[in-house]
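# coords please:
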Amino acid sequence: MEEEAVKRIGIIGVGEIGRAIVTGLCDEGGTSSEVFLSPRGARTAAELSARYEGVQVCADNQAVVDRSEVVIIAVRRQDHHEALAGLRVDGDKIVVNVMAGVATDELRRTLATDAPLIRAIPLPSVRERRSVTVTYPAHPVVDPLFESLGGVLPVADEAAFNVFSALTGTLTTHYSYLATLTSWAAGQGIASGDADRYIRGLFQGVGRALSDETRSLHQLAADHETPNGNNERIRTTWFGPANSEALHKALDGLLADLR
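Next up is the predicted model:
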């Protein structure tokens, strides 16, 4: 099927991810599409509408659906029944579900529609068009949309999609790990601001190294480590087999809930 450009995009639920999608779409060099926002998240929606010429806030969620070709649903999982109750979605719309843990069958029952339903996992870095977004199923309109926001990774089935969804649950743990390093340094008498600045610079360098896809993650670790050196010591004494197994178990439990 030939790829098609999206002219009218609606977003229901303008929180962190909704804001990131709008920013990625509309910042300099972005799409020329019109974007219609729900009044949910009113302050953010109004701010985005004031910032970008092609962004409008609609009176209600039905108006978002009626004016859009592609409707992105980005409300919180626990709020989706209330937010979508009574919504009429005709079969010629394309619905993109970015709600973690809301399966396609569940959303189809809620909306009572035969419109195509696509699941996606956009991350906050879509605002800089630097996030690879997992989608299921592949779609000739939705996939190019996310490709323009940093890349797209269509997967074969909902089981694979749930694995990727579980991986996103590790994001804030990474930030907390860095915060713990900063706290430890402060406990050793280092000024908190200095420790924070150093940790940010240290791990921003790690992030840049990740862009080298010619080296596996295991190879990157090996390349930053010397035998009996400081990095090997922390890896083998703190992130040893027991800690690794605990992480596997936590991910297994999250995946079971997502299913």
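
# In which helix or strand does R130 reside?
Using DSSP states H and E, R130 sits in no helix or strand.

# To what extent is it buried, counted in neighbours?
Using other Cβ atoms under 10 Å, the number of residues around R130 comes to 14. To be clear about C-beta, it is placed using only N, CA and C from the backbone, and glycine gets the same treatment.

# May I ask which helix or strand encompasses the closest residue to it other than its chain neighbours?
Distance criterion Cβ to Cβ, 6 or more residues apart in numbering; nearest residue to R130, sequence neighbours excluded, is G150 at 4.7 Å. Under DSSP H and E, no helix or strand contains G150.

# my read: G150 touches P124, true?
No. Using Cβ atoms under 8 Å, G150 makes no contact with P124, being 11.1 Å away.

# between those two, what contacts are shared?
Common contacts of G150 and P124 (Cβ atoms under 8 Å, 6 or more residues apart in numbering): S131.

# measure S165 to S49 for me?
From S165 over to S49 the distance is 30 Å, taken as Cβ to Cβ, to the nearest Å.

# quick one: contacts for the residue sitting nearest the centre point of the chain?
By Cα atoms, centre = their mean, the chain has its centre lying nearest to L123, at 2.0 Å. Contacts for L123 (Cβ under 8 Å, 6+ apart) come out as 17, 20, 131, 133, 168, 171.

# Could you tell me the phi and psi values at the second one?
Per-residue torsions, A20: phi -60, psi -40 (degrees, to the nearest 10).

# Let me know the pLDDT of it.
For A20, the pLDDT comes out at 95.

# let's number from 12 now, not from 1
From this message on, residue numbering opens at 12, which makes the last subject A31.

# hang on, isn't it packed against R140?
No. Counting by Cβ under 8 Å, A31 does not reach R140; the two are 10.2 Å apart.

# Looking at those two, which one has more neighbours?
Between A31 and R140, A31 has the larger neighbour count (other Cβ under 10 Å), namely 20 against 17.

# burial of the closest residue to the more buried one other than its chain neighbours, as a residue count?
Distance criterion Cβ to Cβ, 6+ apart; nearest residue to A31, sequence neighbours excluded, is R138 at 4.1 Å. Neighbourhood size, R138 [other Cβ under 10 Å]: 21.

# ok, now R211?
Neighbours of R211 using other Cβ under 10 Å come to 12.

# Return the closest of the contacts of L134 with respect to V166.
T144 (11.0 Å; Cβ to Cβ).

# residues contacting the closest one?
131-134, 137, 157, 160-164.

# Output the contacting helices and strands for the helix or strand hosting L59.
Taking DSSP H and E as the definition, L59 sits inside helix 53-62. Packing partners of helix 53-62 (3 or more Cβ pairs under 8 Å, 6 or more residues apart in numbering; DSSP states H and E): helix 27-37, strand 45-48, strand 66-68.

# Kindly recompute the last result at 6 Å.
Contacting helix 53-62 under the criterion 3 or more Cβ pairs under 6 Å, 6 or more residues apart in numbering; DSSP states H and E are the following elements: strand 66-68.

# Name every strand pairing with the strand it packs on and say which way it goes.
strand 45-48 (parallel) (DSSP bridges).

# Pull the residues that contact the strand it pairs with.
19-22, 25, 33, 56, 65-69, 75, 78-79 (Cβ atoms under 6 Å, 6 or more residues apart in numbering).

# Excluding sequence neighbours, find me the nearest residue to L182.
Nearest to L182 is L134, by Cβ to Cβ, 6+ apart, at 7.6 Å.
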